[in-house]
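In: make a model of this:
(chains A and B)
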2 protein chains.
Amino acid sequence: MEDMQVYLFEEAAKLNLTKFELGGKGYGLVEMTKLGLPVPPGIIITTEMCRRYFREGKVLLKKIEKIVMEKLRIIEQKTGKRFGDPSNPLLVSVRSGAPYSMPGMMDTILNLGINDEVVAGLVAITGDKRFAYDTYRRFIQMYGKIVMKVPGEEFDKVLEDVKRKLGAKNDLEVTAEGWKEVVTLYKELIKKKTGKELPQDPKEQLISAIAAVFESWWNPRAVEYRKIYKISDELGTAVNIVMMVFGNLDDRSATGVAFTRNPSTGEKELYGEYLPKAQGEDVVAGVRTPRPLSELKNTLPEVYNELKRIAGILERYFRDMQDVEFTIEKGKLYVLQTRTGKRTAQAAVKIAVDMVEEGLITKEEAIARIDPSDLERLLHKQIDPNIKAKPIAKGLPASPGAAVGKVVFNVEDAVKARENKEKVILVRPETTPEDIAGIFAAEGVLTSKGGMTSHAAVVTRGLGKPCVVGAESIKVDLDREIFEVNGIVVKKGETITIDGTTGSIFLGSIPLVEPKITGAIDKLLSWADSIRRLGVRANADTPQAAEKARSYGAEGIGLARTERMFNAKDRLEIVQAMILAKTVEERKRYLEKLKPFQKEDFKGIFRVMKGLPVTIRLLDLPLHEFLPKLDELLPEIVEMKIKGIDEDELKKRERILERVLELREHNPMMGQRGVRLALTHPEIYEMQVSAIFEAAIEVLKEEGDTVRLEIMIPQLSEAEELRRMRELVDRVANDVMDRLSVKLEYKVGTMIETPRAALTAFRIAKYADFFSFGTNDLTQATFAFSRDDVEAKFIPFYVDNGILPNNPFETLDIEAVGRLVKIAVKEGRKANPKLKIGICGEHGGEPRSITFFHEAGLDYISCSPFRVPIARLAAAQAALKKSLELKSTA
Amino acid sequence: MEDMQVYLFEEAAKLNLTKFELGGKGYGLVEMTKLGLPVPPGIIITTEMCRRYFREGKVLLKKIEKIVMEKLRIIEQKTGKRFGDPSNPLLVSVRSGAPYSMPGMMDTILNLGINDEVVAGLVAITGDKRFAYDTYRRFIQMYGKIVMKVPGEEFDKVLEDVKRKLGAKNDLEVTAEGWKEVVTLYKELIKKKTGKELPQDPKEQLISAIAAVFESWWNPRAVEYRKIYKISDELGTAVNIVMMVFGNLDDRSATGVAFTRNPSTGEKELYGEYLPKAQGEDVVAGVRTPRPLSELKNTLPEVYNELKRIAGILERYFRDMQDVEFTIEKGKLYVLQTRTGKRTAQAAVKIAVDMVEEGLITKEEAIARIDPSDLERLLHKQIDPNIKAKPIAKGLPASPGAAVGKVVFNVEDAVKARENKEKVILVRPETTPEDIAGIFAAEGVLTSKGGMTSHAAVVTRGLGKPCVVGAESIKVDLDREIFEVNGIVVKKGETITIDGTTGSIFLGSIPLVEPKITGAIDKLLSWADSIRRLGVRANADTPQAAEKARSYGAEGIGLARTERMFNAKDRLEIVQAMILAKTVEERKRYLEKLKPFQKEDFKGIFRVMKGLPVTIRLLDLPLHEFLPKLDELLPEIVEMKIKGIDEDELKKRERILERVLELREHNPMMGQRGVRLALTHPEIYEMQVSAIFEAAIEVLKEEGDTVRLEIMIPQLSEAEELRRMRELVDRVANDVMDRLSVKLEYKVGTMIETPRAALTAFRIAKYADFFSFGTNDLTQATFAFSRDDVEAKFIPFYVDNGILPNNPFETLDIEAVGRLVKIAVKEGRKANPKLKIGICGEHGGEPRSITFFHEAGLDYISCSPFRVPIARLAAAQAALKKSLELKSTA
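Out: Have a look, this model is predicted:
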C-alpha cells in the first residue's frame, strides 16, 4: 500500500510535496501545519489518486477507504473525538483542491459523519438542538445534492416551505424544531427522488463523498472554467478530509475570510469579512451580508490579533498576499485555508511594488508577478472626473473601473449580445458559478446582494471587469426583466453606467476617460524599462495620440498613418477633387492644396515628440477609399435620373460614379495600395515627403527640436519597389533641404507585411534602414483571412470549436506568421547588419506576441498608446524569461 | 596590336572562335569559309571590339582603321580589285552581326567604297550606267541614313519625286539618268540636312560605317527587341566587311534566300525565294514580290543544283535547318550568310522528328530543340472546318493559325487596344522594324505587299502569330484608316478573321477550333513521355474538357472544380434558393434537389476518364458568388420602389438583397470560401461527397471502370480544418458505400494555396494523401496581389518598368512562392513519406515554372487541357536539363 498517496497533514509536511500533488488547498493546509499554525487535523488524498481513480475506476476506492480509515484512527486518538461516535463525534469536511484555483467550481461536503444517532449525541453534548439539526440538514443538503444527485433547488424549495410555515424571514429565525423538520423532509425527498435512504454509515458517507469530489473534476462548470483559463484536464483534484470546526456554535463562534492586504487597493492592512455564528459556505455564497473584519477587533480582540499575527507569518512565508479562510469555534481560531489572494490589477501592482520596497521580493519578481493583461485592466476607463452625474444608487465597489452597457438579466442575453458586439451590464440579485459565461460576456456586473468577497466580486476582480455588488436599494425582478430603484424602473435593454471604483450606478451612458499612470504603476514600469531590451513605441496619428503615447512611456512613434489626415472633413473634398483629376498636372494642383494640411499635421506630431523618432508611413489606402461607396452612389443616381432633378448635380455624381467604377477593386486589401499606387502616381508621395521635410525643418527652426524622421513605405512585395521609393524620398528630401538650407538625418524603411516581403527580405534589406512588421496584414495574407470578413464570420466559430487556438489577429500565429518574421529578421540582418527591426501591427501590444518578438530579436515594438504600459511590462517579462532560460541552460 | 580582334574570314576559321565573338552572321561566314563554300572574301571585327569601343571611345577607331586597311590589302591582292580604284573597284558591305539574331534591328551599309570617281569607273567597266548609278544611290541612301543621320523618309521623298517626274511605276522603270539625278539630289539633301558633304574617301566611309554599326547596337528598336527577347545589352555586335557581289548586274544575276527545309511546313525540300536582278535588301524589304526558288531550277539550273548541294552540306554540318542568303553575280553563286532558320512551330516539330529519323540528331536533342511555347503556337486555333465562310480576299499564308480581331492600321492603335484587352489585327501595306511593337500587340498581321520572307512574315513566324502577307487585292489607305477589297470597305475597328494557314481573309468573326495532335507532334510528345518524370494531368470540369484532355495526353484530372456545376443555368435557381434558406433543414432540402445534377456531372467525367485518377475539388466559392451583384440589385430595387410596380417581385428582390448584404465581403478572395464555408455549413460538402461516391459506384456498375477518386479540400490554412473534413468525407463515403454495398479506394487531400498551409505542411501532411499546390491563390496571397485587380492595373506597369521580371501569375515567382512550395514539399514529405504532390494552378502549363516543379520534386503537374502537350514537352525538357546537370557535376 506504499503507493497509496494518502497522508495526514503532518506526514505530508515532511515529504515536500508540491501544489501539483496536494492541490492548492491541501498545499496551504500542509504548509500551515508545517508552520505550526492552528489548522484542524486532516488527511490529504493527492491528485495522483484522482488520476488513478479515472484510470483504474471504483476498485481504487476500497484501497483508499482502508488507508483513510487508518489515518482517521490517528486523528481520533489525537482529538479524542471518534468518527460516528454519538458521545463525542468527529465530523469532517470533504473538500476538493485542484492545483490551480477554480473558485466555486468543484464540490465540497461539510459536516460529514453525522447521522440520526450522532445528531442526537450532538444535541446532548452541546445542549444546542438547533445547532445540531442545522448541522445535520446542511450535511444532508450537500450530500444529497453532490453525492446523490438530487437537484439543489429541491432542497431549497423544502427549506422555503418550512420557513414560510414558520414565518421565518431568514435561516437565523428557523427554530430547532424547524431544522429537525427540514431534516425529516430532506431525507424523504432523497428517498423519493433516488429510491434510496440517506446513508447512516459514516464510512459509507465518507467514501462516496471522496468519489463524488473526484468526479466533480468533470462537472460541466469545471470543464468550462478550465477551458477558459487554459488549465489542463489532466491535472485532477486532491481531496482534503478535515476535522470540522464550527463557526455557528455560539456567539463566540464565527467564520470569515481575511486578506493579508487589501485586495482592492493593495493597502497593507488586514482586510476581510466575517459572519458571526455561521458556517463557511454562508460567507462565500453571499446570502447574508457579512461584517468587515475591523469589527472583529472589537468583538473578539484576542482572536483578531492572533489572525493578524498569522497573516504576517503567512505573507512572509509565501512571499505574497494571502487569502485566508478561518473559523472561530467558541473563541478558538482555526485557519482552514490559505492561498495567494486574488486582487485587482491596482492592488496587484501596489502589492508587488510595496513588497519590493519591504525587501520581501526582488524587482524582477515584482515584474514577473504582474499579468500584463492586469495592467490593461488597471488602465480600464474611468468616469470622466469633469462629469458631475448623479448616481441612482450606490453599492460596494467590488472591482474597479467603469463600464457602460445595456442592462441584461441573464446569461443567455449577455452571451447573445456579445455575439452581436453589443455591450451589456449583467444585473443579478447575486451571481453563482452558473453565471460565469454571462460575466464573461458582460462589460460589467451589478448585484443587489453580496459583499466584497461574494462570487460576483471575486470573479470580476479576477477578470478585471468593473463590478458593483450589494446595491441593496436596487430591487431586481428577474421575471419581468426590470430593476427598480427609488421609484425609477430600468428595463432590459436600457443603458446604465456602473463605477466599480466608487460603487456608483448611473442611468444612461456617462463619458469615460483613460486613466493616468502614477505611483506604484509608474515605479513598476520604470523597473520594467530598466530590464527590457525591446524598445517600445506607439502607433499615433495625431498630436493628441502622440501626447498620450508619451505620457504612457512610449519612446517614439512606430507608426504614424497618413491616411487619416486625408480623411479629415476639411480635406476630403480636396482629396476627392485630386482623385477625379483628369491629368497629372491637375492632380498635382490639388495635392499642392493638401500639402499645407499635411504639413500642419506633421508639425503637430513633431512638436509633441520633441526629438524622439517618428516613423511616418506614407499613404497606404487605395484611392477609392476616399470616394463615396458604390452602393450609396448608385441608388442616388438612379433616383435622380427617374425623378429628373438637378442636372448639374447628376452630372457631378455621374463623374464620381465613373471614377468609382474605374478604381473599384474586387479585393482592395490586395489591390493598388501603398507603394503600388505610389509607383504609378509618384506625385502623391512626393507631396507627402515634401510636407514631412518642410514640417520637420520648420519645427527645428521654431522649437529647436531635431526631428528623427523615419519614412516608411507600405505594402512592399519586391525590393525594387523600395529602391525606387528610396530614390523618390531622397530626391524630394534633398530638394527641400537644399531649398531651406537645413540638413536633416533621416531613415527610409519599409513595412514587411506581405509574405513575399518577408521571404525576400535579403534583397529588400539592401535598400532599407529599417523594417517594421505589419503583422495585421501579414496575418491576413498568410492565412488568406480578410480580417474585416472573417473576424466576425468564422474566427469565433474556429476558436470556440478548437480549430484555431486563438484569434490570430489578437495573438500572433507564431507557427506560420512568426516563421515569416524570423526568416525576415535573419535574412534581412544578414544582408544589412545595421537594419533596425520593429513591429507596428496590433500584436505589438499583446504580451504573448511580445515574448515572441523579443525572442525573434526585434529592436522595438509599437502599439496603440493605451497598450504602451502593457508592452513595457511584457517586454521586461520577455527579457526576464529569456535570462531565466539562459540561466537554466548554463 | 595583337589584342585587336580583326580577322580575315580564313584567319578566323583557324581560331575556333564562337558565335559570341563573331556574331551570328560572322560565325556563319567563317564556318562556311572553313567548309570551302563560295563566300566572298571579307573581314570580321569581333564583338569584343564593339564592347571596347563603348568602353574606350572613338580612339579605338584609329587602331581598327589601321588593321582593317591591312587586311583589305590582302583581299585586294587576292581579288585584283582595289578599294577606291575606279579602274577595278572593290566595294564592300559593312554589316552588323550580333550573337543572337535580331532581324532587321541593326544597320547595314552596302556598296561602300563607291564615290564620284568610282561610279564613273563602274560605268566604264560594266558598261551599265544604270547599274552603276543605282549602286551609288543605294550606298548614299544607306550611308546618309545610317551614318549621317538624315531621316530615311527624306530619301524616299526624293526618289518618289524623281519617279513621278519620270512616270516610273517602280524602281525597275527608273532610267540611268534617273538614278544619276537621284544621286545628285541625295548628295544635295545630305549637304542641306547635315551641312556636310558626302565623304568621297572610301577609307573615311569605311571607318565611319564601322562606328555607325557599333552604335546601332543602342538604337531604340534594337534595345526594345533585346528587352522583349531578354538578350543581354552587354553582348555587342560584330562587324562584317564583305566584298560586294552584285545580284543586280545582269539577267544572270539575282539575289535570294533559301531554306534547307520548308520553314512553314517542315518538308524536306530546298525552299525559298529570289529576285532576279536585285540586291539583297530588295528581298528582305518586301518591296517587290519575289519568285519561288523552284523557278531558279529552270532559269539557272546549274546554280540551283549548286545551291542545293551547299544546302545539304550546311545542314549536315550545322545539324539543323539553315536559312541561307545568296547572290548570283553573272551566273556565279555566292553564299552571303547562313544561320539556323526560323520556322513555324509546325515545321520545327516536323524537322526535329525527321532529323531524328534521318539519324542526324537524337530524340533528346529533338525534344530540347522545341520551344514549348512553339508547341503552344502550333496548337493555335484554326478556323472551324465545319464553317463554310467565303473569304473576301486571299494572300500568302505567311504564319499559320487563325486570328480574329478589330482592324487597326498603326502601332499606336494596336498598343492601345492591347492595353484595353481588345484583340486587333494589324493591317499594313507592309511592315518594317518600326512596327515591331504593333505586331507584338496584335493577334495577327495582314499586309497587302511582301512575300513569304518579308519582314511581317519572318517576325510573325518567330512570334507564332497568324499572318497573311501579299494580299494584293487589298488596298490599304493608312490616312483614311480603311482598306478596300473588291468594293468592300473595311474601317478601323471592324472585325476580321485571318487564316495564316491558308492565306484567307474573312469579314467578321469566324468561329475557331482547337487543333488535333497527330503525326510528328504525336511522335515527339511520345518521346517526351518516355523521358519526363513528372506526371501530366489536366484541369477539367466537364466531360468535354476531360475528353479533350485525354486526347491531348493527360494522365488524369488534377482539378475538377465543382462550382461551375453550381453555376449552370438549370441549377442556379435551386442554388439561390438553397442560399436563401432560413434553416439548415430547408437548405438540405435544396441541396437534395441539386444532388442529381452533381451526380450526373461526375458520372459524365468518370465515364470519359475510364479509371484514370480524378481529383475533385469540393466547392471553393463563397455563397455570394451565386447571388446577383449588389450594383445590379440596388438600382433595380430603387427603381421598383419609386415606380411602385410589382409588390411581390419587390419583396423577393428585397429578400435577396438582405442576403446579399449579409454575405457580402470586403475581400471575398480571403473570405468565407472553401473549407471555411464547409466547416460552418457541412451539409454542402456532405451532399457533394455523397453525389461523388454514388456517381462513382454507378459508373463502376454500369461501365465496369473503377473510378480513382481523389477528394480535394480547398482554401486550407490549418491542419485541423483538414482533419475534420477528412472525417466528414470518410463518414459520408462509408455511408454511401455501405448503402450501395461497394467498396471503393479513394484519397483525401488538400490544396496548398495559402502561405500558412505551405508553412504548416508538416502538420497538414498527417491528414493528407496528397497536396496540390494552388499556385494562383498562393501567388495572390504571397504578393498580396489580388489577381482580378492588379493584373490589369499595375502588373503590366511593373513588368514594363522592370520592377518585376514577369507577371507572377504567368511565370511562377520562384524566389518567394517557389520557396513556399519547396518548404511544403520537404516538410510535407517528411511528415508523410507517401504524400503525392502536384500543382493545379495555371503555372502547371508554363514551361519555366514546370522546370521548377520538376526540380522541386513534385509528382505531377495539372494544367488546362490545351496546355497538356506543352506540359508534356516541358516536363521532358526539365528532366533532360536535370540529367545534363547531373552529368556535368559527375
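In: following the helix-or-strand element of chain A with minimal mean pLDDT, which helix or strand shows up next?
Out: Within chain A, judged by mean pLDDT, DSSP states H and E, the helix or strand with the poorest mean is helix A:280-285; its value is a mean of 65. Beyond helix A:280-285 in the direction of the C-terminus, DSSP states H and E gives the next helix or strand as strand A:291-292.
In: that following strand pairs with which strands?
Out: In the sheet containing strand A:291-292, the strands it pairs with under DSSP bridges are strand A:271-276 (antiparallel).
In: what's in contact with the partner strand?
Out: Contacts to strand A:271-276, defined as C-beta atoms under 8 Å, 6 or more residues apart in numbering or on different chains, come from residues A:247, A:251, A:253-259, A:261-263, A:282-283, A:288, A:290-293, A:295-296, A:299, A:324, A:326, A:451-453. All C-beta atoms are positioned from the backbone trio N, CA, C, and that covers glycine.
In: before we move on, what about stretch A:204-214?
Out: The contact list for stretch A:204-214 (C-beta under 8 Å, 6+ apart) reads A:45, A:50, A:53-54, A:58, A:61, A:64-65, A:68, A:83, A:92, A:94-96, A:106-109, A:112-113, A:115, A:143, A:146-147, A:199, A:236-237, A:239, A:241.
In: ok, 6 Å please
Out: By C-beta atoms under 6 Å, 6 or more residues apart in numbering or on different chains, the residues outside stretch A:204-214 that reach it are A:50, A:53, A:61, A:65, A:94, A:96, A:107, A:109, A:112, A:146-147, A:199, A:239.
In: biggest separation within those residues, which pair?
Out: Between all members of these, the longest pairwise span (C-beta to C-beta) is found for A:Cys50 and A:Pro199 and amounts to 22.2 Å.
In: ok, the two, which is more surrounded?
Out: Between A:Cys50 and A:Pro199, counting by other C-beta atoms under 10 Å in any protein chain shown, A:Cys50 is the more crowded of the two (25 against 18).
In: before we move on, what SS does that one have?
Out: Under DSSP: H, G, I helix; E, B strand; the rest coil, A:Cys50 falls in the helix class.
In: ok, it - contacts?
Out: Taking C-beta under 6 Å, 6+ apart as the criterion, A:Cys50 is in contact with A:214, A:236-237.
In: tell me how far it lies from chain B.
Out: Taking C-beta to the nearest C-beta, to the nearest Å as the criterion, A:Cys50 is separated from chain B by 30 Å.
In: can you tell me, leaving aside adjacent residues, what's nearest to that residue?
Out: A:Gly236 (3.5 Å; C-beta to C-beta, 6 or more residues apart in numbering or on different chains).
In: what's the end-to-end length of stretch A:75-94?
Out: Across stretch A:75-94, the straight-line distance between its terminal residues is 15 Å, by C-alpha to C-alpha, to the nearest Å.
In: contacting residues for A:Ala781?
Out: Residues in contact with A:Ala781 (C-beta under 6 Å, 6+ apart) are A:754-755, B:781, B:784.
In: dump those to CSV, plus pLDDT, secondary structure and distance to A:Met609.
Out: Shown next, in CSV, are these (pLDDT from 0 to 100; DSSP: H, G, I helix; E, B strand; the rest coil; distance: C-beta to C-beta, whole Å):
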residue, pLDDT, secondary structure, distance to A:Met609
A:Thr754, 98, coil, 29
A:Pro755, 98, helix, 32
B:Ala781, 97, helix, 36
B:Ala784, 95, coil, 30
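In: ok, which pair from those is furthest apart?
Out: The widest separation within the contacts of A:Ala781, taken as C-beta to C-beta, falls between A:Thr754 and B:Ala781 and amounts to 8.5 Å.
In: circling back: isn't the residue nearest to A:Cys50 right next to A:Thr47, touching?
Out: Yes: under the criterion of C-beta atoms under 6 Å, A:Gly236 lies in contact with A:Thr47, with a separation of 4.4 Å.
In: who's more crowded, these two?
Out: Neighbours were tallied for A:Gly236 and for A:Thr47 using other C-beta under 10 Å; the higher tally belongs to A:Thr47 (28 against 23).
In: remind me which helix or strand the residue in the stretch 201-350 of chain A positioned nearest to chain B belongs to.
Out: The shortest separation between the stretch 201-350 of chain A and chain B is 16.3 Å, found at A:Lys227 (distances taken as C-beta to the nearest C-beta). Under DSSP H and E, the secondary-structure element containing A:Lys227 is helix A:220-228.
In: who's in contact with that helix?
Out: Residues external to helix A:220-228 that are found in contact with it (C-beta under 6 Å, 6+ apart): A:102, A:105-106, A:433.
In: which one of the residues you listed is nearest to A:Ile713?
Out: Distances from A:Ile713 to the contacts of helix A:220-228, taken by C-beta to C-beta, are shortest for A:Met102, at 50.4 Å.
In: any idea which element that closest one lies in?
Out: Under the criterion of DSSP H and E, A:Met102 resides outside all helices and strands.
In: distance of it from chain B?
Out: Spatial separation of A:Met102 from chain B under the definition C-beta to the nearest C-beta is 27 Å.
In: where does that residue fall, phi/psi-wise?
Out: In this entry, A:Met102 is assigned phi and psi values of phi -130, psi 70 (degrees, to the nearest 10).
In: any chance you could map the helices in the stretch 451-600 of chain A?
Out: For the stretch 451-600 of chain A, applying DSSP state H, counting those that start in this stretch gives helices covering A:455-463, A:519-531, A:543-551, A:563-567, A:569-580, A:584-609.
In: which helices and strands does the third one pack with?
Out: Helix A:543-551 sits against helix A:584-609, with contacts defined as 3 or more C-beta pairs under 6 Å, 6 or more residues apart in numbering or on different chains; DSSP states H and E.
In: and the helix it packs on, what's buried?
Out: A:587-588, A:590-591, A:593-595, A:597-599, A:601-609 (16 or more other C-beta atoms under 10 Å in any protein chain shown).
In: wait, A:Pro433 sits on A:Met106?
Out: No: with contacts counted by C-beta under 6 Å, A:Pro433 stays clear of A:Met106, the gap being 9.5 Å.
In: what sits up against stretch A:667-677?
Out: By C-beta under 6 Å, 6+ apart, the list of residues contacting stretch A:667-677 reads A:620, A:622, A:665, A:713-716, A:721, A:725, A:786, B:667, B:669, B:784-786, B:789, B:793-794.
In: ok, residues contacting stretch A:162-173?
Out: Outside of stretch A:162-173, the residues that reach it under the criterion C-beta under 6 Å, 6+ apart are A:174, A:178, A:181-182.
In: residues of that stretch that come out buried?
Out: Buried-residue list, stretch A:162-173, by 16+ other C-beta under 10 Å: A:162-163, A:168, A:171.
In: pick out the lowest-pLDDT one from those residues.
Out: Least confident by pLDDT among those: that is A:Asp171, with 80.
In: before we move on, back to that, in a markdown table, list the contacts of helix A:220-228 along with pLDDT.
Out: Supplementary listing: the contacts of helix A:220-228 in a markdown table, determined by pLDDT from 0 to 100:
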| residue | pLDDT |
| --- | --- |
| A:Met102 | 81 |
| A:Met105 | 73 |
| A:Met106 | 76 |
| A:Pro433 | 73 |
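In: show me the shaky parts of chain A.
Out: When the per-residue scores of chain A are filtered using pLDDT under 70, the ranges that remain are A:1-2, A:283-287, A:377, A:453, A:462, A:464, A:882-890.
In: near chain B, which residues of the stretch 701-850 of chain A show up?
Out: Applying C-beta under 6 Å from any C-beta of the partner chain, one finds that the stretch 701-850 of chain A approaches chain B through A:717, A:720, A:754-756, A:759-760, A:781-786, A:788-789, A:793-794, A:797, A:803, A:815-816, A:819.
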